[in-house]
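> Below is the sequence, then the predicted model.
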Amino acid sequence: ESEMEVDKLRSQVVTQQAALENERREMERLRLELQAMQEEKARREAADAAEAARMRLQAEAIVRIQKICRAWLVRARFIVLGDKSRSALFEAKMKEKKKKEAAKRAEERGRKWRQ
């Protein structure tokens, strides 16, 4: 009778160990799945950030191009009108503006480099 009880208890222990091993495997599978999901999320966020930075640079470039176009349009109007003094004044303003923009870009590059 006690041998039967011992066999019964051994059987229960083996069954419980198998169940624990299955749960351990399932937990490991879930952990790996969660890790993969987190890595995918991080990749997506990095891609989104890169896309946002690219779009921001494009927008800045478009604004710069628009400014240049406007400036050339104004210059062309001065040339067509033949107003040399106003044209010279405009050229001086444009040179000053270019210097300021170059200084600003250099400062931004320096700030980015320091970070």
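Good, I have the coordinates. Numbers count the residues shown, from 1 in each chain.

> Flag the shaky bits of the protein, pLDDT-wise.
78-87, 114-115 (pLDDT under 70).

> Show me the residue at the heart of it, geometrically.
Centroid-nearest residue in the chain: residue 49, 1.6 Å away (criterion: Cα atoms, centre = their mean).

> how about the helices of the chain, start to end?
For the chain, the helices defined by DSSP state H cover 2-81, 84-114.

> before we move on, back to that, now do the residue nearest to the centre of the chain against residue 36, distance only.
20 Å (Cβ to Cβ, to the nearest Å). Placement of C-beta: from N, CA and C, glycine included.

> for residue 11, same thing?
38 Å.

> Likewise for residue 43?
11 Å.

> Can you give me the neighbour number for residue 112?
Using other Cβ atoms under 10 Å, residue 112 is surrounded by 8 other residues.

> what's the answer for residue 90, then?
Considering only other Cβ under 10 Å, residue 90 is surrounded by 17 other residues.
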